[in-house]
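Novice: here is a sequence with its predicted model. Questions after.
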Amino acid sequence: MNCIFCQIAGKEKPAKIYFEDDNLIVFSDILPRATLHLLLCPKKHYATLLDIPDDILMNLMERARIISRELKIEDNFRLVLNNGAKSGQIIEHFHFHFMSNAPHLSAGIKNQSGR
Ligand code: 5GP
Ligand code: ZN
């Protein structure tokens, strides 16, 4: 499929991956609009919030909680969803933008394998 996020999930296209498991992949946005700007995606292709199954949606929300704890930004992050092209959704593969401008993140973050 000609979808950039499917290609990233399938390792056909490189990305700075922060976390992945069987269902989800979390990677840095190529054009960050915050000190930390991650994209939280299901590996499987769903276009919008209206398409994504409840359990995968819950996995994504739970992952946002875990990342916020790992990075000690429980009280300082934004989770943004652009839903539909008219709203500004450019990539038609469901994703949350996870963003924070917490000062201690300016030194960068390591992924979960420590790289
Ligand atoms: P949307 O407007 O669809 O909610 O956001 C799509 C996001 O994907 C944008 O913030 C954009 O910078 C990011 N993006 C687009 N192409 C790529 C890419 O090839 N790699 C990565 N890592 N991010 C991308
Ligand atoms: Zn896709």
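Specialist: Nice, I can see it. Ligands and ions are numbered 1, 2, ... in the order given.
Novice: near ligand 1, which residues of the protein show up?
Specialist: Proximity of the chain to ligand 1, by Cβ under 6 Å from any ligand atom, involves residues 4, 15, 27-31, 39, 82, 88-91. C-betas here are computed from N, CA, C, even on glycine.
Novice: next SSE downstream of the longest strand along the chain?
Specialist: When the chain is parsed with DSSP state E, its longest strand is strand 36-42. Using DSSP states H and E, the helix or strand that directly follows strand 36-42 along the chain is helix 54-70.
Novice: relative to strand 36-42, how tilted is that next one?
Specialist: Orientation of helix 54-70 against strand 36-42 (axes from the mean of the first three to the mean of the last three Cα atoms, to 10 degrees) gives an angle of 160 degrees.
Novice: may I have helix 54-70 as CSV, with CA atoms only?
Specialist: Output of helix 54-70 as CSV, limited to C-alpha atoms (Å, rounded to 0.1, in the frame of the first residue of the first chain):
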residue,chain,number,x,y,z
ASP,A,54,-11.5,0.0,20.4
ASP,A,55,-8.8,-2.2,21.8
ILE,A,56,-6.1,-0.7,19.5
LEU,A,57,-7.3,2.8,20.5
MET,A,58,-6.9,1.9,24.2
ASN,A,59,-3.4,0.5,23.5
LEU,A,60,-2.4,3.8,22.0
MET,A,61,-3.9,5.8,24.9
GLU,A,62,-2.2,3.5,27.4
ARG,A,63,1.1,3.9,25.6
ALA,A,64,0.8,7.7,25.8
ARG,A,65,0.4,7.3,29.6
ILE,A,66,3.5,5.0,29.8
ILE,A,67,5.6,7.4,27.7
SER,A,68,4.6,10.3,29.8
ARG,A,69,5.7,8.4,32.9
GLU,A,70,9.0,7.3,31.3
